[in-house]
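Peer 1: Give me coordinates for this.
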Amino acid sequence: MSIDDYILAHIDPEPEYLHRLWRATNLHLNYPRMASGHLQGRLLRMLVHMIRPSVVLEIGTFTGYSALCMASALAPGAVLHTIEINDEQEDFTRPWLEGSPWADRIRFHIGDALAMLKDCAETFDLVFIDADKRRYVDYYQAVMPHLRLGGFIIADNTLWDGHVVDDEVLAVAGQHPAHSVLNGKDAQTQGIIAFNDLVATDPAVERVILPLRDGLTLIRKVPEPAS
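Peer 2: Okay, the predicted model is just below:
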């Protein structure tokens, strides 16, 4: 038995509805690995129970697996807004969200999250970022003004298959990656490295990276230090 199998055998079982969604994702869609899956889904649910948010924002819906995991832990009256930029995804995802036991807690939006946040009046208690890696810095900067003090951001894929420590993608001449040109590597890897460096040096937050699946960063917005 592998460590992954051992872990899955010793955590809460995957709910039947989510298992059917996982199977449908793998049968009908390209890149099914983009869905959070059982282990990460159980962690997201647990974090929502711990944080007890009233308003959650998810950037990057895909099939809705992570949205459903988080929504399943919301208290009565709480709401989760999830935004998917790919309108071709809507025909698959919307029925799964609207047919779920937690449909009344979910608001599904199709569009560009950055454009929507410009006119947003909401304050969020929790934000889950799992979308275009090239725009992680933009998402972070856009949501921070809408995140309450003490609120949390969870960012997925922040280890990016180990590319963040691949010597070939790191900056030249021993310079810090945030202040130099990467050696012709793909924009998604560059986006993740830039995001990680920004978060690591941001005095407005505390942060920890969990080596779960492809890397999960937990970020908490802290009050400004007294002058």
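Peer 1: Spatially nearest residue to residue 123 (excluding sequence neighbours)?
Peer 2: Once flanking residues are discounted, residue 123 sits nearest to residue 148: 5.2 Å by C-beta to C-beta, 6 or more residues apart in numbering. From N, CA and C alone the C-beta is placed, and that goes for glycine too.
Peer 1: for residue 223, that is, sorry about that
Peer 2: Excluding its sequence neighbours, the residue lying closest to residue 223 (C-beta to C-beta, 6+ apart) is residue 149, at 5.4 Å.
Peer 1: what's in contact with stretch 10-21?
Peer 2: Identification of contacts with stretch 10-21 by C-beta atoms under 8 Å, 6 or more residues apart in numbering yields 22, 35, 38-39, 41-42, 63-65, 68-69, 72, 96, 100-101.
Peer 1: Mark which of those residues are buried, thanks.
Peer 2: For the contacts of stretch 10-21, a burial check counting by 16 or more other C-beta atoms under 10 Å picks out 22, 35, 38, 41-42, 63-65, 68-69, 72, 96, 100.
Peer 1: Next, format these as TSV and append secondary structure.
Peer 2: TSV is the format used below for the buried ones among the contacts of stretch 10-21 (DSSP: H, G, I helix; E, B strand; the rest coil):
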residue	secondary structure
22	helix
35	coil
38	helix
41	helix
42	helix
63	coil
64	coil
65	helix
68	helix
69	helix
72	coil
96	helix
100	coil
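Peer 1: Check the offset of stretch 210-227 from the chain's centre.
Peer 2: 13 Å (C-alpha atoms, centre = their mean, to the nearest Å).
Peer 1: Which strand runs longest in the chain?
Peer 2: strand 147-156 (DSSP state E).
Peer 1: What is the three-state secondary structure of the nearest residue to residue 60 once chain neighbours are set aside?
Peer 2: Counting by C-beta to C-beta, 6+ apart, residue 131 is the residue found nearest to residue 60 once chain neighbours are left out, at 3.2 Å. Using three-state DSSP, the structure places residue 131 in coil.
Peer 1: Residue 131: what's it in contact with?
Peer 2: Residues in contact with residue 131 (C-beta under 8 Å, 6+ apart) are 59-60, 85, 113, 139.
Peer 1: so of those residues, which ones are in helices?
Peer 2: Using DSSP state H, the subset of the contacts of residue 131 located in helices is 113, 139.
Peer 1: possible to save the contacts of residue 131 as a markdown table with pLDDT and neighbour count?
Peer 2: Conversion of those to a markdown table gives the following (pLDDT from 0 to 100; neighbours: other C-beta atoms under 10 Å):
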| residue | pLDDT | neighbour count |
| --- | --- | --- |
| 59 | 98 | 27 |
| 60 | 97 | 22 |
| 85 | 96 | 19 |
| 113 | 97 | 26 |
| 139 | 98 | 25 |
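Peer 1: Which two among the contacts of residue 131 are spaced furthest apart?
Peer 2: 85 and 139 (11.2 Å; C-beta to C-beta).
Peer 1: so what sits against both of these two?
Peer 2: 113, 131.
Peer 1: Identify the residues contacting residue 129.
Peer 2: 59-60, 136, 139-140, 143, 153-156.
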